[in-house]
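In: Here is my input, please return the structure:
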Amino acid sequence: MANFSGKVGFVSGGGTGIGLACARAIVAGGGKVMLGGRRESVVQEAAQALGARAAWVRCDVTDDVSVQAAITATEERLGPLSLAVNAAGMGSIGTVLNATTADFAQTLDTNLTGVFRCLQAESRAMKKHGGGSIVNISSIAAALTHRTMTAYCASKAGLNMLTRCAADDLGEHNIRVNAVMPGLVDTELAAPLVYSPEATADYLRCMPISRVGKPDDVGSIVAFLLSDDAGWITGQCIGVDGGHTLRRGPELMEVFKPFLPVA
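Out: Next up is the predicted model:
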């Protein structure tokens, strides 16, 4: 188990799924963690379940002021920030032919620009205190096309490059930045796929280790990357996917076709 004794972390999207699993790992390692999210009741309940070393704050990653306020609150309430996980994100459905520019922009504003906002606020805080470690939650969709999920794929591909650039920018300040790329994981966001027999069957065909992932599968590798045991690892985008990225992207056209506007 990673040792986070005396360390403070911030997790955007920390109320459910992968973000909550990462927060749980920080607490299990002896650290303190602030859960950020737009739904106050969700992050509040999650923080209470984690116990005395967890707190919560409302955080909308599409708003500069909200993000900065969340990082400020983390340091004021818990102490100097040295760990961060950027897990807030959204899904989207649409192709080049039928998606709107507004839908495309909204997806990028949450999944890519939202992470930039968090990275900037987190790294400025960490720089003041001698460094830290940040992990971004990307997706296998950064590396493999997912038909009908064009904006999502583009946002996650951009996130991987943002991760690499941030690692290059911030290394001199002793701040490491990495990303993980989960495959199909049983979370609230992925529920339409997890609970679609047709979609799940195709995902499983693409995996050498053929099962749906659990949030803790991702939380465990994030905890390693956050920890001092990964002290010489930065700028990496690591698949956590049962080997899915060895093969092809999932075929989701028939699953999502009823929800697509006519091009």
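In: Okay, buried residues for the helix ranked longest in the chain please.
Out: Criterion DSSP state H: the longest helix present in the chain is helix 150-170. Across helix 150-170, burial judged by 16 or more other Cβ atoms under 10 Å covers 150-160, 162-164, 166-167, 170. For the C-beta atoms, the positions are set from N, CA and C on the backbone; glycine is no exception.
In: can you list contacts of it?
Out: 91-92, 94-96, 99, 103-104, 107-108, 110-112, 115-116, 119, 123, 127, 134, 136, 138-139, 141-146, 176-179, 181, 234-235, 237 (Cβ atoms under 8 Å, 6 or more residues apart in numbering).
In: For the stretch 101-250 of the chain, which segments are assigned as helices?
Out: Using DSSP state H, counting those that start in this stretch, the helices of the stretch 101-250 of the chain run over residues 101-108, 114-128, 150-170, 191-194, 197-205, 215-226.
In: buried ones in the first one?
Out: Neighbour-count burial for helix 101-108 flags 103-104, 106-108 (criterion: 16+ other Cβ under 10 Å).
In: Give me the mean pLDDT for the longest helix of the chain.
Out: The average pLDDT within helix 150-170 is 98.
In: Between helix 114-128 and it, find me the angle.
Out: On the basis of axes from the mean of the first three to the mean of the last three Cα atoms, to 10 degrees, helix 150-170 is oriented at 20 degrees to helix 114-128.
In: Could you tell me the angle between helix 150-170 and helix 101-108?
Out: Going by the same axes, to 10 degrees, helix 150-170 makes 40 degrees with helix 101-108.
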